[in-house]
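Undergrad: Need a 3D model of the sequence below.
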Amino acid sequence: MGKGKTSWWHPYLVNLPRSYDIIATFGEFEKQALQVDDAIWAADKAISKAQFEWKETNALMEQLKLKPQLRTFKAWLWASATVSSRTMHIPWDGAGCLCPVGDLFNYSAPVEESDFENMEHRTHDLALQDISTVNEETSCILDMEQLDSDSGRLTDGRFENDVGAYYFYAKKSYRKGEQVLLSYGTYTNLELLEHYGFLLNENPNDKVFIPLEPEIYSSCSWPKESLYIHQSGKPSFALLSALRLWATPANRRRSVGHLAYSGLQLSVENEVFVMRWISNKCNSTMKSLPTTFEEDSLLLSVIDKIQNVNAPLEFANVSSVSTDEICTFRANVLKKGETDSKTLVSGKMQRSRERWKLAVEWRLGYKKILVDCISFCDEMIRVLCSQISHS
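TA: Okay, the predicted model is just below:
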């Protein structure tokens, strides 16, 4: 960028996005709008990392005699976001490389399921059957680390050393006029927001981690990162296994441990307890957040209507908490001077609004997973209790 029009890459560089919405660009308001502690922590970490790296490289940028406007934190955020969101992996440089045209592909989440995920879905299906049938049909113990290591094969491009070029591979047949999508790995929506500045409405790799008692971790050997709720609302194989074992009296865990790790229900009563525990935990997690799923859905429709920070808005059906959030956004915009003389949307205000919208969309997706998990657990309880009543 410092070479301006003299750079051979100038036509490409001037067509890069003028701004990005990665989580490191979030202000305090957008960060708090995420609501969930883990997400706020991730934003804090990303912002602190960006600030630290900028300060560390200031001396080098001065030595390179970069123009003052290219040494600001704002310029650093733009450059680091370009690297984070657009570079391709190359084996000889951890920073990757920019690949004109190759960075035009929009992202598509991997759709292939590992053997581990297939086993999870099979286990959930079997859970609806009689407990004795389940114990007869499910009998294998899975090595989770080995299965997770297969995620590298889900990328669609790589540098081919023998021809010195970057190759992209289509994993399906595309029709003329159809958009070609690229998968560059498995990411949760929070990870997509952190590294690329967007999220997906339907992301099969998204997940939610609910608070667990310390004894749950100590009573099993599953790694913490495997204990989550799927985007579909179904508890992960490892989470169900860990909870079934934890719900078993300590003096009996050794004798049934192999069954729990194989994905087997230990008893109808044990399964009902586990499902009720998960449902209650999801409910308490939802209640700990400032807004509900329904309130966030309404808020999103209002955000799109904000074109003038001083113009009155219709707040019908919008909760008082959401109304306060809208007012805080307006005050924040006015404080930063992000409006023009007519208080219409300026570029800065529009970017702030888009980042706020991304934060609300993320927390809405988080809550949807919890809502779907509650529905799943309640249905499981209904089916299991009917088994008890008919036995």
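Undergrad: So in the chain, where's the weakest helix or strand by average pLDDT?
TA: Least confident helix or strand of the chain, by mean pLDDT, DSSP states H and E, is helix 144-148 with a mean of 38.
Undergrad: List the contacts of the next helix or strand after that helix.
TA: Counting by DSSP states H and E, the next helix or strand C-terminal to helix 144-148 is strand 157-160. Here strand 157-160 makes contact (C-beta atoms under 8 Å, 6 or more residues apart in numbering) with Met88, His89, Ile90, Pro91, Gly102, Ala165, Tyr166, Tyr167, Phe168, Tyr169, Leu182, Tyr184. Heads up, the C-betas are built off the backbone N, CA and C, glycines and all.
Undergrad: Average pLDDT for the next helix or strand after strand 157-160, rounded please.
TA: For strand 157-160, the following helix or strand on the C-terminal side (DSSP H and E) is strand 165-168. If you average the pLDDT over strand 165-168, you get 83.
Undergrad: Now strand 165-168: buried residues?
TA: Buried residues in strand 165-168, counted by 16 or more other C-beta atoms under 10 Å: Tyr166.
Undergrad: Likewise for stretch 176-189?
TA: In stretch 176-189, counting by 16+ other C-beta under 10 Å, buried: Leu182, Ser183, Tyr184, Gly185, Thr186, Tyr187, Thr188, Asn189.
Undergrad: Please apply the same query to stretch 15-29.
TA: Here stretch 15-29 shows Ser19, Tyr20, Asp21, Ile22, Ile23, Ala24, Thr25, Phe26, Phe29 as buried, counting by 16+ other C-beta under 10 Å.
Undergrad: Go through those residues and flag which are in strands.
TA: Counted as lying in strands by DSSP state E, out of the buried residues of stretch 15-29, is not a single one.
Undergrad: In CSV: the residues you listed, plus pLDDT and distance to Asn106.
TA: Listed next are those as CSV, based on pLDDT from 0 to 100; distance: C-beta to C-beta, whole Å:
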residue, pLDDT, distance to Asn106
Ser19, 87, 18
Tyr20, 88, 15
Asp21, 91, 15
Ile22, 92, 16
Ile23, 93, 19
Ala24, 92, 21
Thr25, 92, 20
Phe26, 92, 22
Phe29, 91, 28
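Undergrad: and which of those residues is nearest to Trp277?
TA: Comparing the buried residues of stretch 15-29 against Trp277 with C-beta to C-beta places Ile23 closest, at 31.9 Å.
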